[in-house]
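*Asks:* have a look; sequence and predicted model below, questions after that.
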Amino acid sequence: MLRVVRERAGHRVVLDMVGRSDIERGVVVLESDERAVYCLPGRRRRTVVTTGTLRALDDVQLAAVLAHERAHLAERHTLVLAWSDALAFPRIPLFRDARAEVARLVELRADDVAATSPGRRAVAEALLQIASGRTRHAAPAAALAG
């Protein structure tokens, strides 16, 4: 946990240097053709969006994706995942499978929260748009990204 906290703090410093704050949307924008949206939890939380994502999504889709990320932050999903990791015994298949299912349920919960406003279709279309333009995993390991 301490390692993850340090990684997030370091990532925040980098975001403050290279990111552009978008007050209206409440996000940090990174210049990149890569499509990525992720949240960085903690006391100084951030939601990060790349310019590639902003170009790929319409306003409804962007609202859906941001609602998804904000659900992760509001419901403290990183703590759920941290407890899941802490209680897991990786050599025992049942615990390994449980960790994967908890991660899947956390994503589904964020999808459900996001779908309350623009609807499930908008969430699905937005996530597909982001995934279809991704050439590699763009979010840092310490962030919460699908």
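*Replies:* Okay, I see it.

*Asks:* please make it C-alpha for all contacts and neighbour counts, starting now.
*Replies:* Will do.

*Asks:* residues making contact with the least confident helix or strand in the chain by mean pLDDT?
*Replies:* Within the chain, confidence by mean pLDDT, DSSP states H and E is lowest for helix 77-87 among all helices and strands, at a mean of 79. Outside helix 77-87, the residues within contact range by C-alpha atoms under 8 Å, 6 or more residues apart in numbering are 1, 41, 72, 99, 102-103, 106, 144.

*Asks:* okay, and the beta partners of the residue nearest to Leu15 when sequence neighbours are not counted?
*Replies:* Of all residues not flanking Leu15 in the chain, Val28 sits nearest, at 7.5 Å (C-alpha to C-alpha, 6 or more residues apart in numbering). Here Val28 sits in beta bridges with Ser21, Val48, going by DSSP bridges.

*Asks:* alpha carbons only: can I get the longest helix along the chain in PDB?
*Replies:* The longest helix of the chain (DSSP state H) is helix 93-115. Taking C-alpha atoms only, helix 93-115 is exported to PDB below (Å, rounded to 0.1, in the frame of the first residue of the first chain):
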ATOM      1  CA  PRO A  93      -7.200 -20.500  -7.100                       C
ATOM      2  CA  LEU A  94     -10.400 -19.600  -5.200                       C
ATOM      3  CA  PHE A  95      -8.800 -16.400  -3.800                       C
ATOM      4  CA  ARG A  96      -7.100 -15.600  -7.200                       C
ATOM      5  CA  ASP A  97     -10.500 -15.900  -8.900                       C
ATOM      6  CA  ALA A  98     -12.200 -13.900  -6.200                       C
ATOM      7  CA  ARG A  99      -9.800 -11.000  -6.700                       C
ATOM      8  CA  ALA A 100     -10.500 -11.000 -10.500                       C
ATOM      9  CA  GLU A 101     -14.300 -11.000  -9.800                       C
ATOM     10  CA  VAL A 102     -14.100  -8.200  -7.300                       C
ATOM     11  CA  ALA A 103     -12.200  -6.100  -9.900                       C
ATOM     12  CA  ARG A 104     -14.900  -7.000 -12.500                       C
ATOM     13  CA  LEU A 105     -17.700  -6.100 -10.100                       C
ATOM     14  CA  VAL A 106     -16.100  -2.700  -9.300                       C
ATOM     15  CA  GLU A 107     -16.100  -1.900 -13.000                       C
ATOM     16  CA  LEU A 108     -19.700  -3.000 -13.400                       C
ATOM     17  CA  ARG A 109     -20.700  -0.900 -10.400                       C
ATOM     18  CA  ALA A 110     -19.000   2.200 -12.000                       C
ATOM     19  CA  ASP A 111     -20.800   1.400 -15.200                       C
ATOM     20  CA  ASP A 112     -24.200   1.200 -13.400                       C
ATOM     21  CA  VAL A 113     -23.600   4.600 -11.700                       C
ATOM     22  CA  ALA A 114     -22.600   6.200 -15.000                       C
ATOM     23  CA  ALA A 115     -25.600   4.700 -16.900                       C
END
